[in-house]
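[1] Task: produce atomic coordinates for the following.
(4 chains)
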Number of protein chains: 2
Amino acid sequence: MPQTNLRSAARYGTRPTMKDVAARAGVGLKTVSRVVNGEPGVTPETERRVQESIEALGFRRNDSARVLRKGRTASIGLVLEDLADPFYGPLSRSVEEVARAHGALLINGSSAEDPDREQELVLALCARRVDGLVVIPAGDDHRYLEPELKAGVATVFVDRPAGHIDADVVLSDNFGGARDGVAHLIAHGHRRIGFIGDMPRIHTAAERLRGYRAAMEDAGIPVADSWMSLGVTDPERVRGAAEEMLTGRDPVTAIFAANNRVTVTVIRVLAEQARRVALVGFDDIELADLLQPGVTVVAQDAAAIGRTAAERLFRQLDGTLVAPERIELPTRLITRGSGELPPAD
Amino acid sequence: MPQTNLRSAARYGTRPTMKDVAARAGVGLKTVSRVVNGEPGVTPETERRVQESIEALGFRRNDSARVLRKGRTASIGLVLEDLADPFYGPLSRSVEEVARAHGALLINGSSAEDPDREQELVLALCARRVDGLVVIPAGDDHRYLEPELKAGVATVFVDRPAGHIDADVVLSDNFGGARDGVAHLIAHGHRRIGFIGDMPRIHTAAERLRGYRAAMEDAGIPVADSWMSLGVTDPERVRGAAEEMLTGRDPVTAIFAANNRVTVTVIRVLAEQARRVALVGFDDIELADLLQPGVTVVAQDAAAIGRTAAERLFRQLDGTLVAPERIELPTRLITRGSGELPPAD
DNA sequence: CCCGAGCCTGACAACGTTGTCCAGGCTCTA
DNA sequence: TAGAGCCTGGACAACGTTGTCAGGCTCGGG
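    Numbering: from 1, shown residues only, chains lettered A, B, ... in the order given. Below is the predicted model of the structure:
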């Protein structure tokens, strides 16, 4: 039963160290270190003996000890809201790719949109001495990061700016995107346009709401309170909100859904309606083009956001960057049908 | 310009250590350690002084040093194919949740389905001394993990079994799921059923193909080679393969798409067809219920797979588990319309 | 008043690696 | 043949933390 052996070895398992390798190869400790790190100054013959011992013992350098000595961990942390969200998967992946290009590993954490959990995660990453942090903030006060910044932890915020500290931030043009999306509906004849979005304490949600208001104002359309639903997120309540603005007095002929989860729920609601209601969503969703009608969206490029943030982070580590900056990436309106439906009363 | 200060501090940034805290508080090193770790035996007054110093200096314990001393890192590694794939997001998230419940962090890596990269990642994680590994293997030989297993790194494979080593594996019933899906098509009158899947060297792909063949054989239907497309993955070639089996002689009346990416492409192809072709896909896809017709799928529960794997991993670390096991989770056929279409010649 | 028990506290070694520095042996040249 | 210079290899300290252990203090009882 080989597995039993493995598992009991595991219990008492102790790994070989460079010292063990050195002893077996009959060389000094430092020589092993040189071989492991590909440093010059080792005879081929000696190197061969050392390699042989490494193989035989299954030695693997202990990076904790290495980090302790060298100061850099070659790893960066990414704190986001929820890895299961289709927006964050590609973002995380693109951060990972950039990290990999710089020889760094990525440690991921989901804050679940909870400020305390965000802080807990960030500090845990700092305790592990990540070289840098990409943070999609849940909270709005990041002063707890000051000692870390002082200590040289490269930091880039994504999607929402940092609170009360001066740091790089990479985000989409939420305001402009939302304004364009709503203007698109207006251009197609709509005047009674609903808005369903997240709590305005979330920066992106607030910006998108501002974009909605701006577009309406630009068109000289007064906004009825009953057209706006702020702060609902769970599908059941989004559904309720949508139904209400569709059936109340002054019913809307179009809906602007301010994020991907809301969009999906609204699509479901609209599918049940007799009347054709126009829809523009913020964030692209998979298969949006295959629905009837196709879903018109204001798309963010999650991969580009992640890449930009990560590259900036490594430029901080290089020392290439000096002053924190705010980088806004444009959104893209993708017309597929649902946003071009005419008003139907 | 506060940012400039921060950044230049960063350049020369050095973090306070327990020694610094101790000096400032006028206590011994070990006392600081005790306070930081909440160990008993410190006067409230002393503790207060230490806490004050910690705050003032922005001290954060260095976990690398801690790990070096204690042996456990409280982190686990997850190597998967591509975090941007909607199947892996929820899986990763559920692993993270279990890790969190055990006070561990999760380090993620994408192998991009490349065996060398898988090994590179796994070994990098081992060098960082993760306590455990969840691996979705890309390669089929994992003997390189033997020293790690011996050293006590808890390991669970997911989605596909390990090659040449004896380790836990958690996966879906790929064979049964595919067989059921194909049988479902047969039950609705189809006989000429196409199969589009990944390279059979990938375990899941091979199992699903086996399920397809079994269902066909059970029904006494001989399979034409032109109905099977193996090893194509990129959308363009999947499209070509689908079109070929739809238009060749002996054209299929139904297609079994063996993974989510294939399914999506096939949906696009079928949308362009005049004739109604039935479809069952392996893996659920978002919005599948909103398409016309809804997409019938064999669904895996990614979150359950991740959770099961992670829980098993921590049970290995507890010492609760002894012998490696193979755990197969059932799939679920979700009928939504596309799989119930009758054959149309 | 003295002694022992018990509680705080701190000195010291160790974890595994890397940087520094020096020793010894070799080659090459004068 | 001797000296200079180079190359290889190893001893040792240090990184920041925690476990061990011993010392000093206080307090109560004899």
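[2] Check what pLDDT the closest residue to DNA strand C within the stretch 201-345 of chain A gets.
    Residue of the stretch 201-345 of chain A nearest DNA strand C, by C-beta to the nearest atom of the strand: A:L317 (17.1 Å). For glycine as for every other residue, the C-beta is placed from the backbone atoms N, C-alpha and C. A:L317 carries a pLDDT value of 91.
[3] tally of neighbours for it?
    19 (other C-beta atoms under 10 Å in any protein chain shown).
[4] and what of A:P342?
    11.
[5] Could you pull up the residues touching the residue lying closest to A:I186 once chain neighbours are set aside?
    The shortest distance from A:I186 to any non-neighbouring residue, by C-beta to C-beta, 6 or more residues apart in numbering or on different chains, is to A:A219 (4.8 Å). By C-beta atoms under 8 Å, 6 or more residues apart in numbering or on different chains, the residues touching A:A219 are A:183, A:186, A:191.
[6] Serialize those residues to a markdown table and add fields for secondary structure and distance to DNA strand D.
    Listed next are these as a markdown table, based on DSSP: H, G, I helix; E, B strand; the rest coil; distance: C-beta to the nearest atom of the strand, whole Å:
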| residue | secondary structure | distance to DNA strand D |
| --- | --- | --- |
| A:A183 | helix | 54 |
| A:I186 | helix | 58 |
| A:R191 | coil | 62 |
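[7] Give me the ChimeraX select line for those, limited to the buried ones.
    Buried residues within the contacts of A:A219, by 16 or more other C-beta atoms under 10 Å in any protein chain shown, are selected in ChimeraX with:
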select /A:183,186
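[8] For the stretch 201-345 of chain A, just list every one of the helices.
    A:203-218, A:235-247, A:260-272, A:302-318 (DSSP state H, counting those that start in this stretch).
[9] buried sites along the last one?
    Of the residues in helix A:302-318, those buried under the neighbour-count criterion (16+ other C-beta under 10 Å) are A:302-314, A:316-317.
[10] The second one now?
    Taking 16+ other C-beta under 10 Å as the basis for neighbour counts, the residues of helix A:235-247 that come out buried are A:238-239, A:241-242, A:245-246.
[11] What about DNA strand C: which of the contacts of A:A219 touch it?
    Among the contacts of A:A219, no residue is within reach of DNA strand C (C-beta under 7 Å from any atom of the strand).
[12] Out of the contacts of A:A219, flag the one nearest to B:L106.
    Taking C-beta to C-beta as the measure, B:L106 lies nearest A:A183 of the contacts of A:A219, at 42.0 Å.
[13] how much space between the closest residue to the closest one other than its chain neighbours and A:E52?
    In space, A:A183 comes closest to A:A215 once its chain neighbours are excluded; the distance is 4.5 Å by C-beta to C-beta, 6+ apart. Noted for A:A215: a distance of 71 Å to A:E52, by C-beta to C-beta, to the nearest Å.
[14] Give me the more crowded residue out of the two.
    Using other C-beta under 10 Å as the criterion, A:A215 and A:E52 rank with A:A215 on top: 22 against 13.
[15] contacting residues for that one?
    A:178-183, A:186.
[16] before we move on, what about A:A25?
    Contacts of A:A25 were listed using C-beta under 8 Å, 6+ apart, and they are A:31-32, A:46, A:49-50, A:52-53.
[17] how about the residues you listed in CSV, adding distance to DNA strand D?
    Shown next, in CSV, are the contacts of A:A25 (distance: C-beta to the nearest atom of the strand, whole Å):
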residue, distance to DNA strand D
A:T31, 4
A:V32, 8
A:T46, 3
A:R49, 9
A:V50, 9
A:E52, 14
A:S53, 12
